[in-house]
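*Asks:* Sequence and predicted structure are below.
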Amino acid sequence: MQAIALAMTKLDMKAHHHTKLKVRAELLQVLDECIEKDRHGSL
């Protein structure tokens with residue numbers, strides 16, 4: 001358990017944040033499209 005905690009302290013948080021955004025980009029795009037369709041009553 002301590003080894004995992006130590007490894008977490010060595011993460012590059014900026015890179016971690018950008019990786020999360022990259023992974024979620026497709027989902028966020030789909031959500032944006034659905035929200036826009038909903039604005040126009042298409043759903």
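*Replies:* Happy to help now that I have it.
*Asks:* Which residue ranges of this structure form strands?
*Replies:* Counting by DSSP state E, the chain has no strands to list.
*Asks:* where along it do the helices fall?
*Replies:* For the chain, the helices defined by DSSP state H cover 2-9, 13-39.
*Asks:* Report the mean per-residue pLDDT for the shortest one.
*Replies:* Model confidence over helix 2-9, given as mean pLDDT, is 90.
*Asks:* cool, the longest one as well?
*Replies:* Taken as a whole, helix 13-39 carries a mean pLDDT of 93.
*Asks:* okay, now G41: neighbour count?
*Replies:* By other CB atoms under 10 Å, the residues close to G41 number 6. Quick note: C-beta positions are derived from backbone N, CA and C, even for glycine.
*Asks:* Same question for A25.
*Replies:* A25, neighbours per other CB under 10 Å, totals 10.
*Asks:* Check the one 10 residues further on too.
*Replies:* A count of neighbours around I35, defined by other CB under 10 Å, yields 10.
*Asks:* ok, now E36?
*Replies:* 10.
*Asks:* Quick check: it vs Q29, distance?
*Replies:* Distance, E36 to Q29, using CB to CB, to the nearest Å: 11 Å.
*Asks:* Repeat that for L21.
*Replies:* In terms of CB to CB, L21 sits 12 Å off from Q29.
*Asks:* Check T9 too.
*Replies:* 33 Å.
*Asks:* the more surrounded of these two?
*Replies:* Neighbour count, other CB under 10 Å: between T9 and Q29, Q29 has more, with 10 against 6.
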